[in-house]
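Asks: Model the following, please.
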Amino acid sequence: MTAHHPSEQLLRHYERGDDLAADQLWAVESHLENCAPCRGRLAPDPLATAVWAELAPIIDRARQLPRTHAWWRWVHGWVSPVAGPWLAMILLVTAAAVALDRLGSVAGGRVSLVLLIAPVLPVLGVAASWGPALDPVHELTVGTPRAGLGLVFRRTASVLAVVVPALTAASSLTGLGLSRWLLPCLAFTAGTLALGALVGVTRAAIAFVAAWVLAIIVPTVAFGRTSVVLAVTPLWAGVLLLGIAVITLRRKAFTRLGT
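Replies: Numbering: from 1, shown residues only. The predicted structure follows:
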């Protein structure tokens, strides 16, 4: 590719149907869609010319889609198309947890529900951000040249940008310190992505949430006291670092449809 147009050699390879790299093929085709001079540089194909002659009047009469603003395209580069309902649900769950904490409805007020659900709330948003189970356009997303770990990180960051401020407000209303839930929250997010690189993000999220409910939430509510596991900072720091290491090693997995 030159600064603005495909090179002559690249166009000849494309014209002959040579085996081009996926990113080069995508770049040439997307450019030709919007550049009439470059389309004119291709050798005329009688069949294509005849088809285009019939399609051109139909296209001219067809209703054109409105142009999208740059900020809207930027949002879609960071947020999954199905993230809205999931993020709204997470905010509602957080508000309900604050209300129950203020009413002292969980174990007679001895246990904070906000503290119990904080680590797993981002996991729900991450599961909806990446994976064929919850994203109906996942196959199209994975097929784009920009798919991969960078897009996964951007979507995860957009989830945390909503969840972390909500949990910060909830913890201040219920008298919880930031250090009691933030590190487990980040560790669970990294752990979900790390395991998701092996078995799929949705399945990883289900596994983490189920393990948390059975190992922490049920015993805490049953015995009326918060598990000491939440206060073990080195444990959560280790999970976070291990998750980041696995994500880095398995970064190629996020470009495959299986995950």
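
Asks: Other residues contacting the helix or strand where Ala204 lies?
Replies: Per DSSP states H and E: Ala204 is located in helix 201-212. If you take C-beta atoms under 8 Å, 6 or more residues apart in numbering as the criterion, helix 201-212 is touched by 119-120, 123-124, 126-127, 129-134, 188, 191-196, 198-199, 259. No exception for glycine: its C-beta is placed from N, CA and C like everyone else's.

Asks: Buried members of these into ChimeraX, please.
Replies: Of the contacts of helix 201-212, the buried ones can be selected in ChimeraX as follows, counting by 16 or more other C-beta atoms under 10 Å:
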select :119,120,123,124,126,127,129,130,131,132,134,188,191,192,193,194,195,196,259
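
Asks: Could you list the low-pLDDT ranges of the stretch 1-150 of the chain?
Replies: Of all residues in the stretch 1-150 of the chain, those with pLDDT under 70 make up the ranges 1-3, 64-77, 105-109, 133-134, 144-146.

Asks: switch to 80 and redo it
Replies: Along the stretch 1-150 of the chain, the model assigns pLDDT under 80 to residues 1-4, 22-23, 43-49, 51-52, 55-56, 59-84, 102-111, 129-149.

Asks: which stretches of it form helices?
Replies: 8-16, 22-34, 36-41, 46-61, 70-78, 83-103, 113-117, 121-129, 138-142, 149-174 (DSSP state H, counting those that start in this stretch).

Asks: Quick one: list the elements packing against the longest one.
Replies: Helix 149-174 sits against helix 70-78, helix 83-103, helix 113-117, helix 121-129, helix 182-199, with contacts defined as 3 or more C-beta pairs under 8 Å, 6 or more residues apart in numbering; DSSP states H and E.

Asks: Tell me what angle the last one forms with helix 149-174.
Replies: Taking axes from the mean of the first three to the mean of the last three C-alpha atoms, to 10 degrees, one finds that helix 182-199 is oriented at 150 degrees with respect to helix 149-174.

Asks: CA atoms of the helix holding Ala204 as PDB?
Replies: These are the backbone C-alpha positions of helix 201-212, laid out as PDB (Å, rounded to 0.1, in the frame of the first residue of the first chain):
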ATOM      1  CA  VAL A 201     -14.900 -16.400  28.100                       C
ATOM      2  CA  THR A 202     -18.500 -17.200  28.700                       C
ATOM      3  CA  ARG A 203     -17.700 -20.600  30.200                       C
ATOM      4  CA  ALA A 204     -14.900 -19.100  32.200                       C
ATOM      5  CA  ALA A 205     -17.200 -16.500  33.700                       C
ATOM      6  CA  ILE A 206     -19.800 -19.200  34.600                       C
ATOM      7  CA  ALA A 207     -17.100 -21.200  36.300                       C
ATOM      8  CA  PHE A 208     -15.700 -18.300  38.300                       C
ATOM      9  CA  VAL A 209     -19.200 -17.100  39.400                       C
ATOM     10  CA  ALA A 210     -20.200 -20.600  40.400                       C
ATOM     11  CA  ALA A 211     -17.000 -21.200  42.400                       C
ATOM     12  CA  TRP A 212     -17.400 -17.900  44.200                       C
END
